[in-house]
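> The sequence and its predicted three-dimensional model are supplied below.
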Amino acid sequence: MATPPFGCFDVIRVMAALRIRALSIAVMTSLGMAKGSYGFNMVAGVHDRHVEKVLVTGGAGFVGSHMCVALLEAGHEVAVIDSLENSSSVALDAVAEITGQRPVLVVGDCRHRSALDQVMSCMRPSVVLHFAGLKSVAESVVDPLRYYRHNFQTTAQLLAAMKRNEVFRIVFSSSATVYGDPEVLPVSETVQTQPANPYGATKLLVEQMIADVVRADSRWSAVLLRYFNPVGAHRSGLIGEDPTHPPANLMPYLLQVAVGRYDALPLCGTDYPTPDGTALRDYIHVMDLAEGHLAAMEYLQGASSGTYTFNLGTGRATSVLELIGVMREVTGLELPYVQHERRSGDVAALWADPSKAKRELGWVANRSLADMCRDGWAWQSKHPNGYCS
Ligand code: NAD
Ligand code: WQD
């Protein structure tokens, strides 16, 4: 039997009554979203499913917004807490347009106890999907303290709030960057972790913090998902990746060359020991990634207390030149590139052994590289300037 729906207005009323400034912004934001449904109606045909009340931290961001679509389409109830420091609430308008349902948005920082307590006491989530954090490798090298402080505090406060509010299941967005430059490929979860940059070190630190919390109290269980290279967008093209400029990653840069914001892609490294000299990565469609989280949530429903780690990747290695080739076919555009020296800290090859996720979660990434390029292009061509356009 499904848990009863809760309404955004309930959250807003409590927040307003408590006169919390950060949250009052959320009230305004929510009221500004005055179209679509505010409730959590069951999606027809899913009444027999186990409906979860899901709190999504960082749910307005790239992966989080796609996650909201997957959750709502699966019939779950969703609330988002996001500081919007690297995202826009417009992403959640688009989520509402795609799904016909609007996740509650609480604009608040997970480093603040009051914001977390309010949303948790209102919603009483059954599980937390934890995306909130800083994610730029380059920034983390320049300002490591900011990264350690932010990513550590965000998760430490979140775990403490979960404990206070008796929420004991969490799925954490970790990264393949924790593997650094592994000696064995493809990488399985048992490979020695050796992050090569402060961002990766913060991901490993948070993984360890979660595992320690779970070990200390048998009511807890956690899934740590190590993403490889999430790219693409929802097939509608209504949501997608909207990076700060210039984009740090390959796919968003290439898409911005496609819409004419940049003349050419810098091709970083053409002398790697790979078949065509460019680096190999495991690109995964962001909707496959979101579906991996649904599988992880289901897994946690039946799992005994513990911390479970899974790679989310396709198991396929793709070179930079191959990706450019597929994107050219999809867009019909020339997509110029200029040879550039290797990017500092880049590894020649990194791709996943995703067999544990297949075996234990029953999940595999189904979408092809052409799907990733087509859907990424659907987003970028409709939004040449991201959510501003
Ligand atoms: P993103 O920056 O688009 O999304 C993160 C969201 O968290 C943003 O909306 C941001 O405003 C919010 N946020 C940041 N700190 C916050 C805080 N303290 N309180 C509340 N909200 C906060 O990033 P993304 O690409 O969607 O990544 C989501 C998660 O997945 C991150 O933890 C990232 O490290 C991890 N990850 C991403 C990738 C990738 O390539 N995109 C790969 C591996 C892991
Ligand atoms: C892919 C390839 C570049 C840009 C990063 C993070 C990792 C994870 C995923 C969060 C590399 C080349 C890139 C460009 C290029 N994020 N490239 N020109 O570095 O594998 O992984 O995102 O957890 O932690 O490090 O992805 O997309 O930046 O690069 O030639 O303009 O494309 O050298 O070989 P990366 P990427």
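Thanks, I have the structure now. Ligands and ions are numbered 1, 2, ... in the order given.

> Surely Val191 is in contact with Gly180?
No - counting by Cβ atoms under 8 Å, Gly180 is not a contact partner of Val191; they are 9.6 Å apart. (Glycine included, C-beta is placed from N, CA and C.)

> Of those two, give the one with the bigger neighbour count.
The residue with the greater number of neighbours, taking Val191 and Gly180 and applying other Cβ atoms under 10 Å, is Gly180; the counts read 20 against 17.

> Got the confidence number for the more buried one?
If you check Gly180, the pLDDT there is 96.

> separation between it and ligand 1?
Taken as Cβ to the nearest ligand atom, to the nearest Å, the spacing of Gly180 relative to ligand 1 amounts to 14 Å.

> How about the contacts made by that residue?
Under the criterion of Cβ atoms under 8 Å, 6 or more residues apart in numbering, the contact partners of Gly180 comprise Thr193, Gln194, Pro195, Ala196, Gly200, Val347.

> The third one: what's its closest spatial neighbour, skipping adjacent residues?
Distance criterion Cβ to Cβ, 6 or more residues apart in numbering; nearest residue to Pro195, sequence neighbours excluded, is Ala201 at 4.7 Å.

> Can you check my assumption that the one you found lies in a helix?
Yes - secondary structure assignment places Ala201 in a helix (DSSP: H, G, I helix; E, B strand; the rest coil).

> how many neighbours does it have?
Burial of Ala201, expressed as a neighbour count using other Cβ under 10 Å, amounts to 21.

> thought it was touching Glu207?
No - in terms of Cβ under 8 Å, Ala201 does not count as a neighbour of Glu207; the distance is 10.6 Å.

> got a pLDDT number for the closest residue to Ala156 other than its chain neighbours?
In space, not counting the residues next to it along the chain, Ala156 is nearest to Met209; the distance is 6.7 Å by Cβ to Cβ, 6+ apart. As summarised for this prediction, Met209 has a pLDDT of 98.

> and if you look at Gly386?
With respect to pLDDT, Gly386 has a value of 95.

> Does the nearest residue in space to it that is not next to it in sequence lie in a helix or a strand, and which?
Closest residue to Gly386 apart from its sequence neighbours, by Cβ to Cβ, 6+ apart: Asp242 at 3.5 Å. Asp242 is part of no helix or strand when elements are defined by DSSP states H and E.

> In contact with Asp242, which residues are there?
Residues Phe62, Ser87, Ser88, Ala91, His383, Gly386, Tyr387 are the ones in contact with Asp242 under the rule Cβ under 8 Å, 6+ apart.

> Could you check the pLDDT of the residue of the stretch 51-200 of the chain found nearest ligand 1?
Taking Cβ to the nearest ligand atom as the measure, the point where the stretch 51-200 of the chain comes nearest ligand 1 is Gly61, at 2.0 Å. With respect to pLDDT, Gly61 has a value of 98.

> contacting residues for it?
Gly61 is in contact with Asp82, Asn86, Ser87, Ala91, Phe131, Ala132, counting by Cβ under 8 Å, 6+ apart.

> Please identify the residues of the protein in proximity to ligand 1?
Counting by Cβ under 6 Å from any ligand atom, the chain comes close to ligand 1 at 57-58, 60-64, 81-87, 109-111, 131-133, 135, 154, 173, 175, 227, 230.

> List buried residues within the residues you listed.
Buried positions within the residues of the chain next to ligand 1, assessed by neighbour count (16 or more other Cβ atoms under 10 Å), are 57-58, 60-64, 81-84, 86-87, 109-111, 131-133, 135, 154, 173, 175, 227, 230.

> any idea how far Leu55 lies from Met120?
Here the distance between Leu55 and Met120 works out to 7 Å (Cβ to Cβ, to the nearest Å).

> between the two, what contacts are shared?
Common neighbours of Leu55 and Met120 (criterion: Cβ under 8 Å, 6+ apart): Val167.

> Please enumerate the strands of the stretch 201-350 of the chain.
According to DSSP state E, counting those that start in this stretch, the stretch 201-350 of the chain carries its strands in the segments 221-227, 229-231, 265-268, 280-281, 283-285, 306-312, 318-319, 337-340, 349-350.

> most neighbours per residue, which of these?
Mean neighbour count, computed with mean count of other Cβ atoms under 10 Å, is highest for strand 283-285 among these, reaching a mean of 27.

> Work out the gap between it and the centre of the chain.
Counting by Cα atoms, centre = their mean, to the nearest Å, strand 283-285 is centred 12 Å from the centre of its parent chain.

> mind listing the helices for the stretch 251-389 of the chain?
When secondary structure is read from DSSP state H, counting those that start in this stretch, the stretch 251-389 of the chain shows helices at 286-302, 320-331, 355-356, 369-382.

> how about those helices in CSV, adding distance to Ala222, mean pLDDT and mean neighbour count?
Compiled in CSV, the helices of the stretch 251-389 of the chain are given as follows (distance: least, Cβ to Cβ, whole Å; pLDDT from 0 to 100; neighbours: other Cβ atoms under 10 Å):
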stretch, distance to Ala222, mean pLDDT, mean neighbour count
helix 286-302, 8, 97, 21
helix 320-331, 33, 98, 18
helix 355-356, 16, 98, 15
helix 369-382, 28, 98, 21
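
> Including distance to ligand 2, could those go into TSV?
Rendered in TSV, the data for those read as follows (distance: least, Cβ to the nearest ligand atom, whole Å):
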stretch	distance to ligand 2
helix 286-302	11
helix 320-331	5
helix 355-356	19
helix 369-382	12
